[in-house]
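Peer 1: Sharing a model that was predicted from the sequence below.
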There are 2 protein chains.
Amino acid sequence: VFVLGIDPGLSRCGYCVLEAPAANARDRAARAVALGVIRTPPDAAVHLRLAELQNELRDLMAEYSPSALAVERVLFQVNVRTAMSVGQASGIAMAEAVNAGCDVVEYSPNEVKSAVAGWGGADKAQVQTMVQTLLGLPTPPHPPDAADAAALALCHLAMAPMREAARRATARSEMSA
Amino acid sequence: VFVLGIDPGLSRCGYCVLEAPAANARDRAARAVALGVIRTPPDAAVHLRLAELQNELRDLMAEYSPSALAVERVLFQVNVRTAMSVGQASGIAMAEAVNAGCDVVEYSPNEVKSAVAGWGGADKAQVQTMVQTLLGLPTPPHPPDAADAAALALCHLAMAPMREAARRATARSEMSA
C-alpha cells in the first residue's frame, strides 16, 4: 500500500511516496519509494506552470497508484500571493487524486509536527531530522518541501489506525441505530 | 471561435461560453452559447467538491473546445479562506484549460469592468446590466458569478485585437532584429 504526501506549491511542490509496512511485518518502518520536489520554470506564465504541475502529479499517481493522498490543510498564510499559489497547487493535487481513485486527507501543520517530531512547535530542521530517522535515510531530505511531504505521509500512516477505528465505530453505531 | 470566461469559486463557479462574431459579420455582437454557474454540494468534503468541479469544467471544455479561457486575476482577497478556495478553483480551471489546448489569459477586475462598463469602479449591478445589453439577453444574468464570467469573456473579446496587434509587432521586431 502506497501513501502519497504532497506539500503543495508552485515553485517547489514537495512529494513523497511511502510504502506502508505490512501489518505482520517484524520491521514496522515505512519505506520511501519516491521523494523529491516538482519544480516549474519561475519565468513561465502561471497557467503553464500549473498545467505542468498537473501533468507531473498525474504521472506520479499513475506510477504508484497511492491509496491515499496526505496534503497540508492550509489554515493561514501571511502572504496573499503565496496563499493563492498554494491554493492553486493544492486544488490541482486534490482534484487529480480524487479522480485517480485516491482517498484524500488533510492534516494541519501542527498535526504533522506532532506526529513526526512529538510536538506541534517543532521547527523545519527538527522535522527534517525526524523524517531522516523514521525513514532510515542517509541524509535529511532536502529541500524542506520534500521533508514536509514525507512528514505528511508519515503523519497519515500514524493516524490511519485511529481513523480506521473511528470509521468502524461509526459504521457499527449506524448499523445498530 | 469560442471564448470561455470563468469566475472561479468553490460554492459557485461562474462560466460563460461566447461565440466571437465573425470578422466580416454585419452584426458584431458576441453570442452567449452557455451561461451559468457550477455548484458543488457545500456539505461535501473540499477534495470531493474540487474533483467534481474539475470534471464539470473538463466536460464544458470538451463540449465547446474554446480557443481561450479568460479568468480573473485574483490580486487581493480580504478573507484568507476565500483566497484559498478561489485559488484552488482557479488553479484547476487554468491547468485543465492548458491541457485542453486552450490559451489562458488573466484579467484584473478593473480591466473587466473597464471593458464592459466603461470604468473600473462599476458595481455588480452595472456589470450585470451591461452584460445583458452587450449579449442581448432578456434579463440580467443571475447569479452575479455568471455575469462576471460573461464579463470576463467579453473583456477578452474586446482586448483580443490589441493583444494580437502587440503579438504581431513583437514578431516583426524580432524578425528584423
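Peer 2: Structure's in. What do you need?

Peer 1: switch to C-alpha atoms for all contacts and neighbour counts from now on
Peer 2: Will do.

Peer 1: Give me the nearest residue to residue A:99, chain neighbours excluded.
Peer 2: residue B:51 (6.3 Å; C-alpha to C-alpha, 6 or more residues apart in numbering or on different chains).

Peer 1: Tell me the buried residues in the strand or helix carrying the one you found?
Peer 2: Using DSSP states H and E, residue B:51 maps to helix B:46-64. Going by neighbour count (16 or more other C-alpha atoms under 10 Å in any protein chain shown), the buried part of helix B:46-64 is B:46-55, B:57-58, B:60-61, B:64.

Peer 1: what's the following helix or strand after that helix?
Peer 2: Next along from helix B:46-64, by DSSP H and E: strand B:68-72.

Peer 1: Could you tell me how far that following strand lies from the centre of the chain?
Peer 2: 4 Å (C-alpha atoms, centre = their mean, to the nearest Å).

Peer 1: Tell me the one among the buried residues of helix B:46-64 nearest to chain A.
Peer 2: residue B:51 (4.0 Å; C-alpha to the nearest C-alpha).

Peer 1: For the closest one, list the residues it contacts.
Peer 2: A:94, A:95, A:96, A:98, A:99 (C-alpha atoms under 8 Å, 6 or more residues apart in numbering or on different chains).

Peer 1: Could you give the number of residues near the second one?
Peer 2: Just to be clear, that refers to residue A:95. For residue A:95, the neighbour count with other C-alpha atoms under 10 Å in any protein chain shown is 26.

Peer 1: again with the third one
Peer 2: The burial count assigned to residue A:96 is 22, neighbours taken as other C-alpha under 10 Å.

Peer 1: Output the contacts of residue B:51 in a markdown table, with pLDDT appended to each entry.
Peer 2: As requested, the contacts of residue B:51 are arranged in a markdown table below (pLDDT from 0 to 100):
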| residue | pLDDT |
| --- | --- |
| A:94 | 98 |
| A:95 | 98 |
| A:96 | 98 |
| A:98 | 98 |
| A:99 | 96 |
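
Peer 1: and which of those is nearest to chain B?
Peer 2: Checking those one by one against chain B (C-alpha to the nearest C-alpha), the nearest turns out to be residue A:95, at 4.0 Å.

Peer 1: Might you report the residue contacts of that closest one?
Peer 2: B:47, B:48, B:50, B:51, B:52, B:54, B:92.

Peer 1: Just the pLDDT for the third one.
Peer 2: The reference is to residue B:50. As predicted, residue B:50 sits at a pLDDT of 98.

Peer 1: got the residues of chain A near chain B?
Peer 2: Contact residues, chain A versus chain B (C-alpha under 8 Å from any C-alpha of the partner chain): A:47-48, A:50-52, A:54, A:74-77, A:80-81, A:83-92, A:94-96, A:98-99, A:104.

Peer 1: Just the ones of the residues you listed in helices?
Peer 2: A:47-48, A:50-52, A:54, A:80-81, A:83-92, A:94-96, A:98-99 (DSSP state H).

Peer 1: coming back round to it: so how far is the helix holding residue B:51 from its chain's centroid?
Peer 2: On C-alpha atoms, centre = their mean, the centre of helix B:46-64 falls 15 Å from that of its chain.

Peer 1: and what of stretch A:111-126?
Peer 2: For stretch A:111-126, the distance to the chain centre is 14 Å (C-alpha atoms, centre = their mean).

Peer 1: Kindly report the same for stretch A:63-72.
Peer 2: 7 Å.

Peer 1: That stretch: end-to-end distance?
Peer 2: Start-to-end span of stretch A:63-72 (C-alpha to C-alpha, to the nearest Å) is 22 Å.

Peer 1: Now tell me what touches it from outside.
Peer 2: Outside stretch A:63-72, the residues touching it (C-alpha under 8 Å, 6+ apart) are A:1-8, A:17, A:90, A:94, A:97, A:100-109, A:149, A:152-153, A:156.

Peer 1: Now list the buried members of the residues you listed.
Peer 2: A:2-8, A:17, A:90, A:94, A:97, A:100, A:102-107, A:109, A:149, A:152-153, A:156.

Peer 1: how about low-confidence regions in chain A?
Peer 2: A:25-27, A:75-78, A:80, A:177 (pLDDT under 70).

Peer 1: Show me which helix runs longest in chain A.
Peer 2: Chain A, longest helix under DSSP H: helix A:144-176.

Peer 1: Quick check: which helices or strands does it pack against?
Peer 2: strand A:2-7, strand A:12-19, strand A:31-39, strand A:68-72, helix A:109-117, helix A:124-135 (3 or more C-alpha pairs under 8 Å, 6 or more residues apart in numbering or on different chains; DSSP states H and E).
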